[in-house]
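[1] Please find the sequence and the predicted model below.
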Amino acid sequence: MLVSLRARTGLLILSFFLLLSASVAATLWAAEAQRQDALVVNLAGRQRMLVQQMACDALQAGRDGDLDSRLSMQAAARAFDETLHALVGGGLVTYPPDRTVILSATRDPDILAALAQVREMWTTFSGHLDRIAAAPGSAGQAAAVQAIEEMAPGLVARADEAARRYETAAAHKLNRLRWVQATFLAGALSLLVVDLFLLHKLVVHPLQRLASAARRIGEGDLETPVELAGPREVECLAHSLDQMRAQLLAWTGELETRVAQRTRELAALQEVSREITSQLEIRHLLQSVTDKARALLAADVAVLCLLEEPGHILYSRAVSGPPEALSGDHTSAWRGPAERVLVGKRALPCGAGECEECCGILAAPFRQSHLVAPLRIGARVIGSLCVGGTAAGQFPGEAVHLLTELANSAAIALENARLYEQAERVAALEERQRIAADMHDGLAQTLSVVALCAGQITHLLDAGQAELAGAQLRRLQATAERAWQEVRQVIASLQQDPQPPQALQEQLGRLVADLGRGGEPGVDLILALQQPLLLSPDDSEQVLRVVGEALHNARRHGQARHIVVRLEQRDSEAILVVTDDGVGFDPARSPADGRQHFGLSIMRARAARLGGSLVVQSAPGQGTQVVLTWPVNGGS
């Protein structure tokens, strides 16, 4: 049966005022209930402080027999017992010290159960307090103090649990009040809208508002909530739309948080990777990797193991963490979960009782949570990087990716450090070979001339040819001075920067002239080049040393009477030929004196350093020809 619009509007307005009055009354009641709940929660929380005070006073009284401590302990015990009785059954309680409040007995079964546990432990706890207060200095007092120390944490935990249940009950009351107030508000708004805009407006306007809210959500406005008003069907639709908006907002916030966190992690990982890849000393690098892994993942311990192929054993090479975190220094690489790590490409998360062999080198307490990542260089595995923690679930899901990336960076850094050390060793070996070659071609040859001259002087003196012996002595002195100059040149070359390059023709001319001053066999220098041939100081040194060794061999071993040195260029190759008319030799046979001679091997090594080749052609009685060929850039 329908009524007039005015009557219906009046009924709706009256209903609105009734709802408003009920809402105000409920709010006032809830405020008073909230005040009482806050008082009860504070009293329940005070029990924790009283337990801690009693434990501290009991320890002080048991140790020093302090009367003030016993009195303080007894006062705290009385306050605790009074509060506990009031919380359970209601009654008077002193709080704060200058006023008394009345508590109502609780009917919440969860709270009663928690208080019963507190009372049960309090009975034993208070008995120990009584023994401490009654028998100071006795043996029983010491046992009571120890019992108090052991029971205090448990009693504190139970008191905290009771306080938490009071807080939960208060929160439930507050939530119920909120729902009641929200219901009153929704009903009042619905009645007001119906009164003002009638049924047509109750449907059309809410739908228009929902359409506007949908447009806002589509335009990216997720902060503005959807208004819940209208008939039940429209309100449900609005609630669903608001839930969608809230879910989108939560997802957006979570995504932004994760993106920001991921950005911070990647920045930290980049910084760590840049730091470890800049190090070239392997021992320091290993320790740096473990330190950075432990810090980046907030782990209790980090271990880096390297794989030793014989036996397939992982040996610990660097540890960051307490010494007791390791149970050994090696573990098997190809057994159980450890094999799963090494054949994989990502870190493997593990926990207590799961895949323990992945980090079997860790002590059991540090394997409650741990991650292991392989150190891979391409398809080759060189070791593993492990982090561990003493708490379950210590590493979030992102830690797997972080450790994987860190392990990859560490593997590259280790390989770079290894190659750097190898390059250093090769460079040192080459430098030793160069110095040995320089000594052979320079000082050793000069000393051999000195020895030869000394022998000739002795022979001449024995024969009474003092004048010839004097000439040989002067030659010996000149040779010794030349040896001293060569030694100074070697020392200067090791200490000073190289001099600007000079034309090879000029340097060959000085070399041939120096040999001619010593009365050596005649040497003809043929330079079949129109332009100066400029080489680097090192290349020039190699060429001159090869020529010097060839001339020395022709003079001393080949007994040559005439030597020809020819330099020419064919296309992009320079060719230097040293030809003598000496006795020659068989290059395939060992020296007749049975001694080891290094001349030819050093000459070939020098040719290799030039990027060229050395060919020695000789036969007994037919002289010797040495041909050095090497590439040159751009011609002479």
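    Received, thanks. Residues are numbered from 1 along each chain as shown.

[2] Give me the domain ranges for the protein.
    Using automatic domain parsing, the domains assigned to the chain come out as 5-213, 266-415, 499-636.

[3] what's the helix or strand for residue 83?
    Using DSSP states H and E, residue 83 falls within helix 67-89.

[4] what does that helix contact?
    40, 43-44, 46-47, 50-51, 53-54, 57-58, 60-61, 91-95, 103, 105-106, 112, 115, 118-119, 122, 126, 129, 132-133, 136, 162 (Cβ atoms under 8 Å, 6 or more residues apart in numbering). In short, each C-beta sits where N, CA and C put it, glycine included.

[5] Just the ones in strands from the residues you listed, please.
    Residues of those located in strands (DSSP state E): 91, 92, 93, 94, 103.

[6] I'd like to know which of these are buried.
    Buried members of the ones in strands among the contacts of helix 67-89, scored by 16 or more other Cβ atoms under 10 Å, are 93, 103.

[7] helix/strand/coil for residue 530?
    Of the three states, residue 530 takes coil according to DSSP: H, G, I helix; E, B strand; the rest coil.

[8] ok, now residue 614?
    Strictly by three-state DSSP, residue 614 counts as strand.

[9] Please name the nearest non-neighbouring residue to it.
    residue 607 (3.9 Å; Cβ to Cβ, 6 or more residues apart in numbering).

[10] could you measure that neighbour against residue 526, distance?
    20 Å (Cβ to Cβ, to the nearest Å).

[11] So which of these two has more stuff around it?
    Shown here are residue 607 and residue 526; by other Cβ atoms under 10 Å, residue 607 has more neighbours (20 against 11).

[12] And the more buried one, how close does it get to residue 61?
    The value you get for residue 607 to residue 61, if Cβ to Cβ is used, is 96 Å.

[13] Residue 173 too?
    Counting by Cβ to Cβ, the gap from residue 173 to residue 61 is 42 Å.

[14] now do residue 21
    Taken as Cβ to Cβ, the span from residue 21 to residue 61 is 59 Å.

[15] which one of these two has more residues nearby?
    Applying other Cβ under 10 Å to residue 21 and residue 61 shows that residue 61 carries more neighbours, namely 27 against 11.

[16] Which parts of stretch 175-189 count as buried, going by neighbours?
    177, 181, 184, 187, 188, 189.

[17] Residue for residue, what is the longest helix the chain has?
    helix 139-218 (DSSP state H).

[18] Please name every helix or strand in contact with that helix.
    helix 5-64, helix 109-134, helix 232-277 (3 or more Cβ pairs under 8 Å, 6 or more residues apart in numbering; DSSP states H and E).

[19] how about those helices, which one is nearest residue 611?
    Residue 611 sits nearest to helix 232-277 of all the helices and strands packed on helix 139-218, at 32.4 Å, using Cβ to Cβ.

[20] tell me the secondary structure for the residue located most distally from the centre of the chain?
    Computed with Cα atoms, centre = their mean, the maximum C-alpha offset from the centroid of the chain is found at residue 464, amounting to 82.8 Å. Following three-state DSSP, residue 464 is assigned to coil.

[21] for residue 396, same thing?
    coil.

[22] number of nearby residues for it?
    12.

[23] From residue 300, how far off is it?
    Taken as Cβ to Cβ, the span from residue 396 to residue 300 is 15 Å.

[24] any idea how far residue 72 lies from residue 66?
    For residue 72, the distance to residue 66 - Cβ to Cβ - is 9 Å.

[25] Comparing these two, which shows the higher neighbour count?
    With neighbours defined as other Cβ under 10 Å, residue 72 and residue 66 compare such that residue 72 has more, 18 against 15.

[26] and that one, what pLDDT?
    Residue 72 carries a pLDDT value of 85.

[27] can you check residue 415 too?
    74.

[28] Where does it sit, in terms of helix or strand?
    Going by DSSP H and E, residue 415 is in helix 398-438.

[29] Residue 370 too?
    Counting by DSSP H and E, residue 370 is part of strand 369-377.

[30] what's the distance between the following helix or strand past that strand and the middle of its chain?
    Along the chain past strand 369-377, the next helix or strand (assigned with DSSP H and E) turns out to be strand 380-389. Chain-centre distance of strand 380-389: 12 Å, with Cα atoms, centre = their mean, to the nearest Å.

[31] Skipping its backbone neighbours, what lies nearest residue 370 in space?
    Per Cβ to Cβ, 6+ apart, closest to residue 370 is residue 388, 3.8 Å.

[32] and the one you found, how far is that from residue 92?
    For residue 388, the distance to residue 92 - Cβ to Cβ - is 55 Å.
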